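> Everything below, folded, please.
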Amino acid sequence: MAHYGRFSVDTDGADVVAVRPAAEDGDPSPLIGNVPGSVTHPSRIRRPAVRRGWLEHGPGPTALRGNDSYVEMDWDEFVPLLAGELRRVIDRHGNEAIYGGSYGWGSAGRFHHAQSQVHRFLNTIGGYTRSVGNYSLGATNVVMPHVMGSHWKLFSRSTSWDVIAEHTDLLVAFGGVPIKNTFVNHGGTSHHPTRDALHRLRARGGRIVSISPLADDLEGTAERLAPVPGSDVALMMALAHVLATNGWHDTRFLERYTVGYDRFEDYLLGRTDGMSKSPEWAEALTGIPASVTRDLARRMARSTTMITVTFSLQRTRHGEQAPWMGMTLAAMLGGIGVPGAGFGHGYGSMNEPGIGPVPYPLPTLPQGTNRVPTSIPVAAVSDMLLNPGAPYDYDGERRTFPDIRLVHWAGGNPFHHHQDLGRLREALGRPDTVVVHDPFWTPMAKHADFVVPSTTSLERDDLSCTRNDPWLVAMPAAVARFADSKDDYETFTLLARELGIEQEFTEGRNAADWLRHLYEPWRAFVSAAGRVTPPTFAEFWRDGAFRMDTEDDLTLLADFRDDPARAPLRTPSGRLEIFSETIDGFGYDDCAGHPRWYEPQEWLHGERAGRFPLHLVANQPRTRLHSQLDHGAVSQASKVQGREPVRMHSDDARARGLADGDVVRVFNDRGACLAGLRVDDGLRPRVVQLATGAWYDPLDPVDPRSMCVHGNVNVLTEDRGTSSLAQGCTGQHVLVEIEKWTGALPPVRAHQPPEFAERPQK
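The predicted structure follows:
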């Protein structure tokens, strides 16, 4: 099982040579094509390694990270050296000085889950500064609990695809429904129902309106509105204006199930600020004719309408507004809790919304208790490292950044997720020590002092499951461990032994013991619940999978609609909060108490567009998951002269003398990268698209602002939070200019290991 589906493999004993998707998956992900050859790829980390400069000069801030050679060593020398550094930092600076950086996409396995392993270890040695939230949903994670009482219901208990296919008359999809994103789920996935559900909706006579500057954000027959990027909230408000001024809004629903609509309507109609949010007002911002907006609002009011908002719309400045306004628009239509109507968030963003959840907890590795209370929003890592002691706002609190001396990272590649990579490189130069566990020499591994060679999921036994998939899957090792790599659990066991806490960390269990320990209590719990009786662990491992029951045919907030007194939301009012007294009480000037239109900085109507006249959409790639296996066959086949492809409308290409297949320089005042041009008239003019995830490859490793020759878009994006409320990631939109590259083409070294050296003599 992988994040992108179940599959079986053929091996030559050392590596995977072929993959086959599971027979029951009617729409398997093409991403499995990146797996063959990955285990022994030249970018694998063969042995434990320590940066030469760290060995020579000891711990401390340095500009050499990302521009130094490494010394390989044996485990029996490496482990005491790393354990000693952990002990030094704790003794001198306390556990708060350790940042337990990690991300949850390292493996679909539930035991060998890098994030769980590193957090369990760090908790065992006294705790660490942690991150909260994630890059995908930084704004949603904070604003929607205030507005709807939770954010997880939007995904785990969303309206089912089968219900949408059967009951929805009009699907209005802000951000479209990009099929490419629905191939993945963080805990593994066994089937991909989105394409078929959309086909069945259309076959029944349902209509889909995709609202996106990219035509391929929704495949198949659909109406398309292509607004100016960043203007979706203005369009939502114009639709709401039409509903309100024509009396097409459901006042009974608003009175019974929401609070604060009257405050919002005063703003919508211009009573509070003198600016009516009419279709004519919105036309100047969105480029969508007022007549088109009025017609769509009329159809929405007369249909069973589902409003959906992709994750992408909240990955920008003031990103809190898009899901909040989408929910408000759906509430005005009165369809929340009605089959086929209402609101959805994340359809087309991953393979979770629309899929029935498992009705009981899943086997999970316990992480213990973190005795350090300090946390930061995950996208604030550069701010934290560069500004120890500086104050910042977050969700109503005034916080202070800790002084981090050691970063311990296992799983994930922040050079994919994070913005303004030049600034990130400067930030990573500040701690005393950076530790990275990874199977591959990723850009993050090349910025580490201690590099731990981890196994891949193909080299170890594990089990996989996720809350919105019916299958619990055995994951037996397919090949032998590569070179001198170890499972992260074994690495942490060695470190725990060196630090005198092995029993606390392992509880006396090896990895095989832990798999049984996770499974059997779960089996007993599920059996006692009386729904199904799982097999014994031995039977499960022999059969390879167990099908759990799921809750299907769900409608989001149906129980709340049936009886809001019996099933209140976890908001202060128990209802949907179109106006939030809590958020309003924070007094933020960049996130008010109700949805508002805030003009973006990075957009085509702004002042910056005079210097950088193209709006770049930095979305998720279609040829890999994030940056994983960027060297795989599917990912590599998409490259243009070895560079990540950037798409541009033919009018914009012609105006710059560019042709399909050219290597171009994409740049702004933050940085530059080379990319391969693909001309595509499916984009709105003046909009270009460059996916995230190409491994960062600076032309000059010494210079943090050096051009990336491989096409990593995050050398261009701004490292700034969504607002004072959520401080989420804002990497979706950025203004750029593009010109033809006329110099000699530099080689791409992204997937090559660093240089190695002999151990320095002291």
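> Select the helix or strand of this protein having the lowest average pLDDT value.
helix 153-156 (a mean of 85; mean pLDDT, DSSP states H and E).
> What mean pLDDT does whichever helix or strand comes after it get?
Toward the C-terminal end, the helix or strand that comes next after helix 153-156 (DSSP states H and E) is helix 161-167. Throughout helix 161-167, pLDDT has a mean value of 98.
> same check, this time on stretch 57-67
Per-residue scores along stretch 57-67 average to 97.
> just checking, what packs against the helix or strand where D295 lies?
Element membership of D295 [criterion: DSSP H and E] is helix 290-302. Using 3 or more C-beta pairs under 8 Å, 6 or more residues apart in numbering; DSSP states H and E, the elements in contact with helix 290-302 are strand 170-174, helix 232-245, helix 279-286. For the C-beta atoms, the positions are set from N, CA and C on the backbone; glycine is no exception.
> ok, back up a step: mind giving me the packing neighbours of the least confident helix or strand of the chain?
Using 3+ C-beta pairs under 8 Å, 6+ apart, helix 153-156 is in contact with helix 140-148, strand 342-345.
> mind listing the strands for the stretch 651-762 of the chain?
For the stretch 651-762 of the chain, the strands defined by DSSP state E, counting those that start in this stretch cover 663-667, 672-679, 687-690, 733-740.
> sorry, that was for the stretch 51-200 of the chain
Along the stretch 51-200 of the chain, the stretches classed as strands by DSSP E, counting those that start in this stretch are 70-72, 98-99, 130-132, 170-174.
> I'd like the ones you listed laid out as a markdown table, including mean pLDDT, mean neighbour count and distance to R531.
Output for those, formatted as a markdown table (pLDDT from 0 to 100; neighbours: other C-beta atoms under 10 Å; distance: least, C-beta to C-beta, whole Å):
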| stretch | mean pLDDT | mean neighbour count | distance to R531 |
| --- | --- | --- | --- |
| strand 70-72 | 98 | 21 | 52 |
| strand 98-99 | 98 | 26 | 41 |
| strand 130-132 | 96 | 18 | 33 |
| strand 170-174 | 98 | 26 | 32 |
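> Can you add distance to L296 and give the ones you listed back as a markdown table?
Shown next, in a markdown table, are these (distance: least, C-beta to C-beta, whole Å):
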| stretch | distance to L296 |
| --- | --- |
| strand 70-72 | 57 |
| strand 98-99 | 47 |
| strand 130-132 | 37 |
| strand 170-174 | 7 |
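> of all those, which lies closest to L735?
Of all these, it is strand 170-174 that lies closest to L735, at 21.3 Å by C-beta to C-beta.
> gap between that closest one and the chain center?
From the chain centre to the centre of strand 170-174 is a distance of 22 Å (C-alpha atoms, centre = their mean, to the nearest Å).
> Also stretch 21-30?
Distance of stretch 21-30 from its chain centroid, counting by C-alpha atoms, centre = their mean, is 23 Å.
> Likewise for stretch 291-310?
28 Å.
> can you tell me the distance between the two ends of that stretch?
Criterion C-alpha to C-alpha, to the nearest Å; first-to-last residue distance in stretch 291-310 is 25 Å.
> Please report how far L285 lies from P279.
Distance, L285 to P279, by C-beta to C-beta, to the nearest Å: 11 Å.
> So what's the model's average confidence on stretch 311-319?
97.
> Nearest residue to the one residue sitting closest to the centre of the chain in space, please, no chain neighbours.
In the chain, the residue lying closest to the centroid (C-alpha atoms, centre = their mean) is S136, at 3.2 Å. Excluding its sequence neighbours, the residue lying closest to S136 (C-beta to C-beta, 6 or more residues apart in numbering) is F311, at 5.4 Å.
> is it true that that neighbour touches G138?
No: shown here, F311 and G138 do not form a contact pair, counting by C-beta atoms under 8 Å, at 9.7 Å.
> Now the common contact residues for those two.
Residues touching both F311 and G138 (C-beta atoms under 8 Å, 6 or more residues apart in numbering): none.
> Turn the strands of the stretch 651-762 of the chain into JSON lines, columns for mean pLDDT, mean neighbour count and distance to G574.
What follows is these, written out as JSON lines (pLDDT from 0 to 100; neighbours: other C-beta under 10 Å; distance: least, C-beta to C-beta, whole Å):
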{"stretch": "strand 663-667", "mean pLDDT": "98", "mean neighbour count": "21", "distance to G574": "49"}
{"stretch": "strand 672-679", "mean pLDDT": "98", "mean neighbour count": "24", "distance to G574": "49"}
{"stretch": "strand 687-690", "mean pLDDT": "98", "mean neighbour count": "24", "distance to G574": "42"}
{"stretch": "strand 733-740", "mean pLDDT": "98", "mean neighbour count": "21", "distance to G574": "36"}
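> Need these in a markdown table (columns: distance to T328).
Converted to a markdown table, the strands of the stretch 651-762 of the chain look like this (distance: least, C-beta to C-beta, whole Å):
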| stretch | distance to T328 |
| --- | --- |
| strand 663-667 | 36 |
| strand 672-679 | 37 |
| strand 687-690 | 27 |
| strand 733-740 | 22 |
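> Tell me who's in contact with L235.
174, 211, 225, 227, 282, 286, 288, 293.
> Show me which of the residues you listed is closest to T455.
F174 (40.9 Å).
> Report the separation between the closest one and D162.
Separation of F174 from D162 (C-beta to C-beta): 22 Å.
> For the residue nearest to V177 when sequence neighbours are not counted, grab phi and psi.
The shortest distance from V177 to any non-neighbouring residue, by C-beta to C-beta, 6+ apart, is to G348 (3.5 Å). Dihedral angles of G348 (phi, psi; degrees, to the nearest 10) stand at phi 90, psi 0.
> Let me see the contact set for G348.
By C-beta under 8 Å, 6+ apart, G348 lies in contact with 173, 175-179, 181-182, 194, 217-218, 308, 310.
> between these, which has the most around it?
When neighbours are taken as other C-beta atoms under 10 Å, the top entry among the contacts of G348 is T310 (31 neighbours).
> the strands in the stretch 301-450 of the chain, which residues?
For the stretch 301-450 of the chain, applying DSSP E, counting those that start in this stretch gives strands covering 305-309, 342-345, 375-377, 391-394, 397-400, 406-410, 433-438, 450-453.
> Out of the ones you listed, which is the most enclosed?
Each of those was scored by mean neighbour count; the highest is strand 305-309, a mean of 29, by mean count of other C-beta atoms under 10 Å.
> Point out the other helices and strands that that strand packs with.
strand 170-174, helix 321-333, strand 342-345.
> hmm, who's touching that strand?
So strand 305-309 is contacted by 159, 164, 168-175, 177, 232, 299, 322-323, 326, 329-330, 333, 335, 340-348 (C-beta under 8 Å, 6+ apart).
> now the end-to-end length of stretch 613-624.
With C-alpha to C-alpha applied, stretch 613-624 spans 29 Å between its terminal residues.
> Now do the buried residues in that stretch.
Residues of stretch 613-624 classed as buried by neighbour count (16 or more other C-beta atoms under 10 Å): 614-624.
> mind putting these in JSON lines, secondary structure and distance to T258 included?
Below are the buried residues of stretch 613-624 laid out as JSON lines (DSSP: H, G, I helix; E, B strand; the rest coil; distance: C-beta to C-beta, whole Å):
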{"residue": "L614", "secondary structure": "strand", "distance to T258": "40"}
{"residue": "H615", "secondary structure": "strand", "distance to T258": "34"}
{"residue": "L616", "secondary structure": "strand", "distance to T258": "37"}
{"residue": "V617", "secondary structure": "strand", "distance to T258": "32"}
{"residue": "A618", "secondary structure": "coil", "distance to T258": "34"}
{"residue": "N619", "secondary structure": "coil", "distance to T258": "32"}
{"residue": "Q620", "secondary structure": "coil", "distance to T258": "33"}
{"residue": "P621", "secondary structure": "coil", "distance to T258": "38"}
{"residue": "R622", "secondary structure": "coil", "distance to T258": "38"}
{"residue": "T623", "secondary structure": "coil", "distance to T258": "42"}
{"residue": "R624", "secondary structure": "coil", "distance to T258": "41"}
